[in-house]
Structures are given as C-alpha cells and as structure tokens.
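Kindly generate the corresponding structure for this input.
(2 chains)
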Amino acid sequence: MSAKISVKDLKKSFDTDQGPLPVVNGVSFDVADGEFVAIVGPSGCGKSTLMSVIAGFDRPDQGSVTVDGADGRGPSSKGILISQHGSVFPWLTVQQNLMFGLNGRASSEKAQLADHYAAIVGLKGFEKSYPHELSGGMLKRVELARALVVKPEILYMDEPFSALDALMSLRMRKELLRILEVERHTVVLITHDVEEALQLADRIFVLSVRPTKIQATFEVSFAHPRKLSSPEVQDIKEAILRELGV
Amino acid sequence: MRRAAIRKFKQSVPAAAVIALLIAVWWLAVVATHSAIFPTPGQVVTGTVELARDGTLWGDIGASLMRVSVGFLLAAAIAVPLGLWMGWVHGAFLTLNPVFQILRPISPIAWIPMAILWFGVGNASPIFLIFMSSVFPMVVQTTAGVHTIERRYLRAAENFGVSRSTLFRQVIIPAVLPQIIVGMRIGLGVAWLVVVAAEMIALRSGLGYLIIDSRNAGNRYDLVIGGMVIIGLIGLLLDGVMRLMEGLKIVRWRYVR
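All right, here's what the predicted structure looks like:
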C-alpha cells in the first residue's frame, strides 16, 4: 500500500537570540489514503510547528513531506488546514466564504456548491450572514464547509475544536465523523485532547516533549460510533496518558 | 425604536446644555463689557443670515468644499493604491517610507510659499496644499493596515491557491478597508483645517477668505464668528459622512466584539 502522506525524518528549529532552538527532532510516519491519524502531545511540544511543515506552510530544515509521492512544495487546495482560531474571513458572508476557494467556475455554480455544503454542515438559512453574527460553533462549521467545498483530499486539523465549549466540541466531533463517512478524506488531526483522538482516529501518535519526536503509536480499530467508556478504549486512553506522563 | 429615540434624545441633552451655556456666557460677557466690536450671538446670526440671503455665503461654502473635494479625492486616489503597494511589497516600503516620514511632519501651512510659487494664487494652490495634508495620513494608515492583516487570513488564502486578483479583492483590500477609512477620516479632517488656512492667504473666495475679508473690510466680527461656526459645523458634517462608511456591511466586523 502506497502512502498518501509520507513524512520522513522531519527536523525543524527556530532561530532565537540564544542560537537555534530545535523544535521538531526527526519525525517520520506514513498516512494511508482515507486514514484518520491523530497526533497528541504535551502543550508547547511543537505540534503546531509540525503541522505547519506537514501542511506545507513552512519548510523543514531536514527531511521531507511527500503527498502522493510528490514533494509537497507549499500549500495547495489538495490539503486544507483548519486551525484552532479559525480563518473564516469576517468581511465575507458565509456564502462568499464558501465560494472563496472555488476558482474558475461560473458564479451561479459556485453559489450552488456553497449552499450545498452550507446545508451539509447545518448552516442552511445562514448563507447571507456575516461571521460576527454567528456563534463559535457555527463559525467552525463555516470553516469546515469552506474546506470541504473545494473537495480536498486531505484535511489538516490543528486543534480544530479546542476553542469551543465542551458540549459544542463533542457535537462537532460527531458532525465530522458523519461528514467523513460520506466524503472519505485523509485526515491529520493535532490535538491535546486524548478523548478526541480516541473518538476520531484510526491511529494515534504520541509526541514527546520539545524537541519533539514520536514516542509511541496506538492503533484504534474500533468501529464508529465509539463508546469512550468501554474498557478497551479506556485501556488505550490510560496507556496514552502514561506516555504523556500523567 | 421609539425608546431608542428617546434614549438618544436624553443622551444629547448634556451636550446641548453645554453649548447653550457657552452661548449664554458669551452673550452676557458682551452685554456686561459693552463691547463695541465683539458681536452678540444674535448679531452673528443676523449677519450670517444676511450673507446667506445675498448668496455670498453659499458661494464661499461651495468654493471651500470644491477645493477640499478635489484635493482630498486626488490624495485618496494616490494614497490608497500606494499604501497597499508599500504594505505588500517590502522593498517599496523600505524605499519610500523614510521619505514619507520626513515629509509627513511638515505642516501643510509651511508649504504655502511653495504653493504660491508653483501654482500661483488660483484654485490649484489650496488644492495642492490639501493634497499634501491628506495624502500622508492615508498612505501611513493604509500601509499599517496591510502590515497588520492577521497571518491566519493570508495563510487561508495561500491554502486555497487563489489568484492574485482574488487575493487582493477578497482578502487584502477588505482586511485593510477599516484602516483606510480611519486614514480617510484623518485626511479629510486635516484637509478641512488646511483649506481655511490656505484661503486666508491666497484667495478671493471660500470660508477662509470670508473670515479674513470680513475682518479687513470694516471689522465685521459678526461675520468672522459666523464663518468660524460654519466651518466647525461643516467639519462635523464631513466627519459624519466619513463615519457613515464605518457602518458599511463589509467593515462592520471591525467594530463589533
């Protein structure tokens, strides 16, 4: 099986006044097509830096990231990044946001596609609203729909739901699973929430403290929807928490 | 709706009271000192109404507004694209910013001799002065606006791989627009200050000329003060028009939360 995303011996450091500060120290993993991997790690360990490099926004100092066997030079609409603080444009309406990434199509077709995806994420009736008129959870849905509408093959999610309240975060996980069942994206999720990883991912990588590397890998092969309280899931959760030192 | 109107009315009561008090103090002071030159508020109103009746006032207001409009619009037409360019292209910023930072603190009034030398005493001089006064604040605000666009929005645009024109039309310009409006408010405010000053020196029409001419032509201080009050009111009106732009749907996001 050839990998969708292949990360090889990735290293990245930042220049500081005290000299280079190594942040990512040799991370390697493969992600299969349609697979959902979660990366968990202690806060400040370099998760976001790692994601930035994987998604193509930053160049690694060493190592490589290939998507479909080709060196992923820079970001593209093949893989859309969804981050914690979101990047829904506040000056565009929901519909205009969703149409943003649809290059070179007739505008009626764009609007139709946008409205279709707005409906999928439960934003029907809010197409003409501006982001500041929406709640945090709805904003996340806009972000998700804006990514989905360009039919990306990969979703890079960097703590996507951690700015939401606990209830909304749970609801968004369910929504995401429902959408993935239909659209079958490859997903790389970065999170500090072990339960979120357990609920969503097929495989979980646990990162070490900075400079970070993969410290342990867990297969999570339970069928969806998962019951987090089941003893098997709890066992993995405890093992992951032990790796994280808590 | 009705309640909002009542609340608004209540809110404006203290300000109106202060203005009424000032007028009352002015009136009493003139009456108490038996001043022969300094007019009472009533005389100012009578004099101004007289000017309005014979049409001079409207001519002066029109002349001043025309000069401000031309100078300000020319400045905006140059400052906004220039500011966007300087904000986006770092080399342009490094090259031009020092020059602008040196020119910016020079009072537009200091340019008056140059203006007369280059453009004579016609309309071109005050238009040039207004241009000089409003172009720099608008360049600076626009440039700063581009520099402070949040990275996450630029990343999103990069991620979706949109064309350069989409990037400018749908991300950069709308992101900077609130700052551009601030720049335009400042620019127009300075422009209005400057037009009056410029007209005092070089011209035979406009509100600045009205003030100087009223003083020279027989100490008509009622018209001097009338002119000042009208300048203040029109300045307020111009700012109000600019503030209406803050209510545009496309910039509302900046003023909520």
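
For residue B:19, give its distance to chain A.
Counting by Cβ to the nearest Cβ, to the nearest Å, the separation of residue B:19 from chain A is 36 Å. (Glycine included, C-beta is placed from N, CA and C.)

Secondary structure class of that residue, three-state.
Following DSSP: H, G, I helix; E, B strand; the rest coil, we place residue B:19 in the helix state.

Tell me how many other residues crowd it.
Counted with other Cβ atoms under 10 Å in any protein chain shown, residues neighbouring residue B:19 total 10.

what sits against it?
By Cβ atoms under 8 Å, 6 or more residues apart in numbering or on different chains, residue B:19 lies in contact with nothing.

For it, give its distance to residue A:217.
Using Cβ to Cβ, to the nearest Å, we find residue B:19 at a distance of 75 Å from residue A:217.

ok, now residue B:143?
As judged by Cβ to Cβ, residue B:143 and residue A:217 stand 49 Å apart.

ok, and the closest non-adjacent residue to residue B:26?
In this structure, residue B:26 finds its nearest non-sequential neighbour in residue B:41, 6.0 Å apart by Cβ to Cβ, 6 or more residues apart in numbering or on different chains.

these two touch, right, that neighbour and residue B:29?
No: counting by Cβ atoms under 8 Å, residue B:41 sits too far from residue B:29 to count as a contact (10.7 Å).

Mind checking which of these two has more residues around it?
Each of residue B:41 and residue B:29 has its neighbours counted (other Cβ under 10 Å); residue B:41 has more, 16 against 12.

Mind giving me the packing neighbours of the least confident helix or strand in chain A by mean pLDDT?
Taking mean pLDDT, DSSP states H and E as the measure, chain A has strand A:70-71 as its least confident helix or strand, at a mean of 80. Contacts defined by 3 or more Cβ pairs under 8 Å, 6 or more residues apart in numbering or on different chains; DSSP states H and E place strand A:70-71 against no helix or strand at all.

So in that sheet, which strands flank it, and in what orientation?
Looking at strand A:70-71 with DSSP bridges, its partner strands are strand A:62-67 (antiparallel).

returning to what we had before: could you check which of residue B:143 and residue A:217 is surrounded by more residues?
Higher neighbour count among residue B:143 and residue A:217: residue B:143, with 26 against 12, using other Cβ under 10 Å.

Pretty sure that one sits in a helix.
Yes: with three-state DSSP as the criterion, residue B:143 is part of a helix.

That one contacts residue B:86, doesn't it?
Yes: using Cβ under 8 Å, residue B:143 is in contact with residue B:86, at 4.7 Å.

what do these two both touch?
Joint contacts of residue B:143 and residue B:86 (Cβ under 8 Å, 6+ apart) are B:93, B:97.

Now do the same contact list for the residue nearest the centre of chain A.
By Cα atoms, centre = their mean, the mean C-alpha position of chain A lies nearest to residue A:157, the distance being 1.3 Å. Counting by Cβ under 8 Å, 6+ apart, residue A:157 touches A:81-82, A:187-190.

In a markdown table: these, plus neighbour count and pLDDT.
Below are the contacts of residue A:157 laid out as a markdown table (neighbours: other Cβ atoms under 10 Å in any protein chain shown; pLDDT from 0 to 100):
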| residue | neighbour count | pLDDT |
| --- | --- | --- |
| A:81 | 26 | 93 |
| A:82 | 24 | 92 |
| A:187 | 22 | 94 |
| A:188 | 27 | 95 |
| A:189 | 25 | 95 |
| A:190 | 25 | 94 |
